[in-house]
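Asker: Sequence first, then the predicted structure:
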Amino acid sequence: MKSSMTKKLHAGMIISAGRFSRSDVADGTGYVAIEKKYNHIKSILTLIISLMTLTGWAQQSANRELIVHNDPAKYRELSAVHAGAGKMGFTQLVGRNDLSTNFLYLHSGVIQAKSGIGHHFHHSIEEMYVLLEGEAEFTVNGRTSTLKAPVAVPCKLGDAHAIYNSSDESVRWLNYAVSEKKGRGDAFDLDDTREGAEIDEIPVFVTYQFAEDKLRDENHPYSGNGALARRAFGPEVFRTSWNHVDHLVIPAGKSVGPRQLIGVEEVYYVMKGKGDLSIEGVTKPLAADDAFTGLLGETITLTNTGSDNLELLVIGVSVSSDKNASFQNAPAEPKAMALQMDFVVLPENAEAFEKMYHSIYVPAMTVQQGYLSSKLLRLFPEEQAKGIEAEPTNFNYQIQISFDTEENRRKWVASPQHQIAWPAASELAEEFKWRGYDVMGDDDQR
């Protein structure tokens, strides 16, 4: 009798949630029950906790320093940076804790005459040097060219790089970095100042010259009210979650936004001009050499309040390791199906139940058409469950399975492998129930 009832369950003949106990199946009086999913008091507590969390996040976002000015008076002097020549003034404008993504830092400084940053490379971070004023010798992987500001040079993961100011005047410089892992960086110095390096007239590495005549008035993320922009570097340039580098110009009297950041966070630097920045209803004035960030989900409006162009450098970092992931559009149709099966397993059967999943259930599903994934979940211990205010339940195990279609899941139910796998699972349980879902979204960062 148990076999026929379980066949009925897994064939999907019963649309609503189902629940069986061992005694129910044994005496042939299997039943379908709809369990109450929500407890009124628990719902209220959950709502309160959610509101408190959102309020705390909003307060933290609102209280942060929206704009940081790049003030040379606050620079500290450094010598022999990465075993380089001479001295430079240095400060950090944006740090690793200012964004939730893997953005690591925005540094700024003045490299003195006959000084530089020595030849070095990183195993786990990518950088981009930006020259704001002057002329300097850039090196990437041992090849050196002289470049004039304003110019940007990405230093991709594993690329050796350096900058040397061979002139008699100081130069202004920015350095952006994004790490493979949040907050972690490294460096390996090559003890090479690049003084007297052989110069290639034409660079043999990637560069971007900030030229306004190359900007477009359409087909860019800032379209809508006269803005000009160009994507200097897209996600294909980088191996970290660095998503883009954009050159943006807002003419006098024009604006950009409101524009919501979905799936990315951004760091902005005002190269010239003045205007207003509005983030989530808070408006602040902008001036040349200001830096600011746009966090995940925030809505940003930029307005040029001056008589000249407002020019900005914008870099974006994806929240996902998959930089091509779509965070904005929900699918119109299900991506797959999922079945959740809950079990009451006695302590003396727990080890055997877990072994059954790995040795019998998974191998049986792996050979099925349309099988996507599965998980075996074990309920938190009682004290740990109380700590998160979990809903009490007697069901201490759950198996989640996913197929590309419900049709293919039913083929799995009809297969010879299922006739072995399901009894192996159900016979170790005192009680079980199930629910079926359409998968309308998923995310896996592994």
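Answerer: Everything's here; your move. Remember, predicted model here, so these are calculated numbers, not experimental data. Numbering: from 1, shown residues only.
Asker: residue ranges for the helices of this structure, please.
Answerer: 2-10, 22-26, 40-63, 347-356, 362-366, 382-387, 406-413, 416-426 (DSSP state H).
Asker: and the angle from the last one to helix 406-413?
Answerer: Angle, helix 416-426 to helix 406-413, by axes from the mean of the first three to the mean of the last three C-alpha atoms, to 10 degrees: 80 degrees.
Asker: Give the other helices and strands that helix 416-426 contacts.
Answerer: Applying 3 or more C-beta pairs under 8 Å, 6 or more residues apart in numbering; DSSP states H and E, we find helix 416-426 packed against helix 2-10, helix 347-356, helix 362-366. Glycine gets a C-beta too; all of them are placed from N, C-alpha and C.
Asker: average pLDDT for the second one?
Answerer: Summarised as a single mean, pLDDT over helix 347-356 is 97.
Asker: What is that helix packed up against?
Answerer: strand 371-378, helix 416-426.
Asker: likewise the last one?
Answerer: Helix 362-366 makes packing contacts with strand 371-378, helix 416-426 when contacts are defined by 3+ C-beta pairs under 8 Å, 6+ apart.
Asker: among these, which is the most enclosed?
Answerer: When you average the neighbours per residue for each of the helices and strands packed on helix 362-366 (mean count of other C-beta atoms under 10 Å), helix 416-426 leads with a mean of 17.
Asker: Next, the angle from that one to helix 347-356.
Answerer: Using the same axes, to 10 degrees: helix 416-426 against helix 347-356 is 160 degrees.
Asker: what distance separates helix 416-426 from the centre of its chain?
Answerer: From the chain centre to the centre of helix 416-426 is a distance of 40 Å (C-alpha atoms, centre = their mean, to the nearest Å).
Asker: Quick check: buried residues in stretch 78-91?
Answerer: Leu78, Ala80, Val81, His82, Gly84, Ala85, Gly86, Lys87, Met88, Gly89, Phe90, Thr91 (16 or more other C-beta atoms under 10 Å).
Asker: With distance to Leu248 as added columns, please give those in CSV.
Answerer: Listed next are the buried residues of stretch 78-91 as CSV, based on distance: C-beta to C-beta, whole Å:
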residue, distance to Leu248
Leu78, 31
Ala80, 36
Val81, 30
His82, 31
Gly84, 31
Ala85, 34
Gly86, 33
Lys87, 33
Met88, 28
Gly89, 27
Phe90, 26
Thr91, 24
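Asker: So which of the residues you listed belong to strands?
Answerer: Residues from these lying in strands, with DSSP state E as the criterion: Leu78, Lys87, Met88, Gly89, Phe90, Thr91.
Asker: so which of these would you say is closest to Lys284?
Answerer: Nearest to Lys284 among these is Thr91, at 20.2 Å by C-beta to C-beta.
Asker: hang on, that closest one packs against His107?
Answerer: Yes: here Thr91 reaches His107: they are 7.1 Å apart, a contact under C-beta atoms under 8 Å.
Asker: Go through the helices and strands packed on helix 362-366 and name the closest to Leu313.
Answerer: Among these, the nearest to Leu313 by C-beta to C-beta is strand 371-378 (41.4 Å).
Asker: low pLDDT regions in the stretch 101-250 of the chain?
Answerer: Where the stretch 101-250 of the chain drops to pLDDT under 70, the residues are 224.
Asker: and stretch 287-296, how far out from the chain's middle?
Answerer: Taking mean C-alpha positions (C-alpha atoms, centre = their mean), stretch 287-296 and its chain are 20 Å apart.
Asker: Make JSON lines out of the helices and strands packed on helix 347-356 and add mean pLDDT.
Answerer: Listed next are the helices and strands packed on helix 347-356 as JSON lines, based on pLDDT from 0 to 100:
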{"stretch": "strand 371-378", "mean pLDDT": "97"}
{"stretch": "helix 416-426", "mean pLDDT": "95"}
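Asker: Please convert these to TSV, extending it with distance to Glu298.
Answerer: Shown next, in TSV, are the helices and strands packed on helix 347-356 (distance: least, C-beta to C-beta, whole Å):
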stretch	distance to Glu298
strand 371-378	33
helix 416-426	47
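Asker: Indicate which one of those is closest to Glu126.
Answerer: That would be strand 371-378 among the helices and strands packed on helix 347-356, by C-beta to C-beta, at 31.6 Å.
Asker: which residues are contacting the closest one?
Answerer: 336, 350, 354, 357-358, 361-362, 365, 396-404, 408, 412 (C-beta atoms under 8 Å, 6 or more residues apart in numbering).
Asker: 6 Å instead, please
Answerer: Contact partners of strand 371-378, identified using C-beta atoms under 6 Å, 6 or more residues apart in numbering, comprise Ala336, Tyr357, Met365, Tyr397, Gln398, Ile399, Gln400, Ile401, Ser402, Phe403.
Asker: Turn those residues into TSV, columns for neighbour count and distance to Phe205.
Answerer: Compiled in TSV, those are given as follows (neighbours: other C-beta atoms under 10 Å; distance: C-beta to C-beta, whole Å):
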residue	neighbour count	distance to Phe205
Ala336	19	43
Tyr357	18	52
Met365	22	49
Tyr397	22	55
Gln398	18	52
Ile399	22	52
Gln400	14	48
Ile401	20	49
Ser402	21	45
Phe403	24	48
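Asker: Now compare those residues and name the two farthest from each other.
Answerer: Ala336 and Tyr397, at 22.4 Å, using C-beta to C-beta across the contacts of strand 371-378.
Asker: who wins for proximity to Arg231 among the helices and strands packed on helix 362-366?
Answerer: Closest among these, once you apply C-beta to C-beta, is strand 371-378, at 34.5 Å.
Asker: so what strands line up beside the closest one?
Answerer: Using DSSP bridges, strand 371-378 pairs in its sheet with strand 397-403 (antiparallel).
Asker: what about the partner strand, average pLDDT?
Answerer: 97.
Asker: And it, how far out from the chain middle?
Answerer: 27 Å.
Asker: what's in contact with it?
Answerer: Here strand 397-403 has contacts from 336-343, 345, 370-378, 409, using C-beta under 6 Å, 6+ apart.
Asker: show me what contacts the residue most central in space within the chain?
Answerer: What sits nearest the mean C-alpha location of the chain, by C-alpha atoms, centre = their mean, is Val319, with 1.3 Å. Contacts for Val319 (C-beta under 6 Å, 6+ apart) come out as Thr101, Gly263, Leu296.
Asker: Count residues in the vicinity of the nearest residue to the first one once chain neighbours are set aside, would you?
Answerer: For Thr101, ignoring the flanking residues on the chain, the nearest one in space by C-beta to C-beta, 6 or more residues apart in numbering is Val317 at 4.2 Å. Other residues within reach of Val317 by the criterion other C-beta atoms under 10 Å amount to 25.
Asker: start the count at 600, not 1, going forward
Answerer: In the new count, where the first residue is 600, that last one comes out as Val916.
Asker: Write down the beta-bridge partners of Val916, one by one.
Answerer: Trp841, Glu864.
Asker: Can you tell me which of the buried residues of stretch 677-690 lies closest to Ala796?
Answerer: Nearest member of those to Ala796, counting by C-beta to C-beta, is Ala684, at 11.4 Å.
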